[in-house]
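1. Here is my input, please return the structure:
(one chain, ligands or ions: 1)
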Amino acid sequence: MSDSENGRRLHAVDDGLLRRRAAISDLGDALRLLVEHAAATEAPTEELRRAAERIRQAAAPLGERVRGRHDSPTADDMLAGVRLYNPVTGAGSALAPPLEIHSDGDLSIGACTLGLAFEGPPSFAHGGVSAMLLDQMLGYAVGHSGNPGMTVRLDTGYRKPVPLLTPLRLTAQVTGIEGRRVTATGIIAVAAEPGEILVEATGVFVALRAEQARRLFGQAIGRMRQSRAG
Ligand SMILES: CCCCCCCC(=O)SCCNC(=O)CCNC(=O)[C@H](O)C(C)(C)COP(=O)(O)OP(=O)(O)OC[C@H]1O[C@@H](n2cnc3c(N)ncnc32)[C@H](O)[C@@H]1OP(=O)(O)O
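-> Here you go, the predicted model:
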């Protein structure tokens, strides 16, 4: 194959991947709309039954070709941090708000709005959802510092309830590194009042030893390499 033919082939593969990622995001948007409407709806009972039937019909073709536990999604790039089904940030996940995170120097900054599907106490977010958002924020900050690790401890302080249907601002930063252990802290606030802390968390993350990474993720990484080579 000539260089230009090879270049065209690579370009076509990239275009295909980008189209697949865009389609996954589009499906994610549709699913999140469905989840939110399903949590908020007061439609008549018969409409709920009809919707359930139509949703089962729509889901069936998606279930015809599925990946196994150790197979990475083909549209993901784990090494580049592209995880489309991450339940907190993934554009393709029906469960994710999704939380959008970026960095400003050492500070990681996140934004999301939680719908009624995330309700715990009436009109406020479930406490487990706040912990989930903060685990992701702290994990992102830890990874951004160049010392990625897994959460071994997450302490969460709930000072005030987190309102639903209200833009939120989350921040996180690394506060200490001791050997394999990295500590990070983070908060959730309403975007319009970023100085008022609603929830705060401190997390401890541990970098995996090579042997631990192989034991926990070896199968998934091996299959990802295989599918890329094929
Ligand atoms: C961008 C991506 C964002 C992702 C964010 C989401 C992150 C996650 O949710 S990860 C998923 C949840 N976490 C897990 O499933 C981890 C489960 N835990 C484990 O598998 C193991 O603890 C593992 C492999 C991480 C470490 O095991 P191991 O190496 O045996 O740990 P161990 O030697 O006991 O401890 C290592 C260090 O951590 C410390 N440590 C361990 N547990 C704790 C704890 N609960 N609190 C404080 N420190 C602890 C130890 O004291 C030790 O410190 P030091 O080296 O200074 O003595």
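
2. Quick one: low-confidence residue ranges for this structure.
-> 1-13, 227, 230 (pLDDT under 70).

3. List, one by one, the residues from this protein near the ligand.
-> Residues of the chain lying near the ligand by CB under 6 Å from any ligand atom: 135-136, 139-140, 143, 150-153, 178-181, 204, 206, 208, 212. C-betas here are computed from N, CA, C, even on glycine.

4. now the residues you listed: which count as buried?
-> The neighbour-count test (16 or more other CB atoms under 10 Å) marks D135, Q136, G139, Y140, G143, V204, V206 as buried among those.

5. Contacts only, for whatever residue of the chain ends up closest to the ligand.
-> Evaluated by CB to the nearest ligand atom, the chain has G139 as its residue closest to the ligand, separated by 2.5 Å. Going by CB atoms under 8 Å, 6 or more residues apart in numbering, G139 touches P148, T151, G203, F205.

6. so where do the strands sit in the protein?
-> Taking DSSP state E, the strands of the chain run over residues 100-104, 107-112, 150-158, 168-178, 181-190, 199-206.

7. Can you point out the buried residues in the second one?
-> Buried residues in strand 107-112, counting neighbours by 16+ other CB under 10 Å, are found at S108, I109, G110, C112.

8. Direction included, what does it pair against?
-> Partner strands and pairing direction for strand 107-112 (DSSP bridges) are strand 100-104 (antiparallel), strand 168-178 (antiparallel).

9. tell me the most buried of those?
-> With neighbours taken as mean count of other CB atoms under 10 Å, these reach their highest mean count in strand 168-178, at a mean of 19.

10. and the angle from that strand to strand 181-190?
-> Orientation of strand 168-178 against strand 181-190 (axes from the mean of the first three to the mean of the last three CA atoms, to 10 degrees) gives an angle of 160 degrees.

11. Export strand 168-178 to PDB, keeping only CA atoms.
-> Provided in PDB are the C-alpha atoms of strand 168-178 (Å, rounded to 0.1, in the frame of the first residue of the first chain):
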ATOM      1  CA  LEU A 168     -23.200  23.300  40.000                       C
ATOM      2  CA  ARG A 169     -19.500  24.100  40.200                       C
ATOM      3  CA  LEU A 170     -17.100  21.500  41.600                       C
ATOM      4  CA  THR A 171     -13.400  22.000  42.300                       C
ATOM      5  CA  ALA A 172     -10.600  19.600  43.400                       C
ATOM      6  CA  GLN A 173      -6.900  19.700  43.900                       C
ATOM      7  CA  VAL A 174      -4.100  17.500  45.200                       C
ATOM      8  CA  THR A 175      -2.900  18.400  48.700                       C
ATOM      9  CA  GLY A 176      -0.200  15.800  49.400                       C
ATOM     10  CA  ILE A 177       1.900  13.000  47.800                       C
ATOM     11  CA  GLU A 178       3.600  10.400  50.100                       C
END
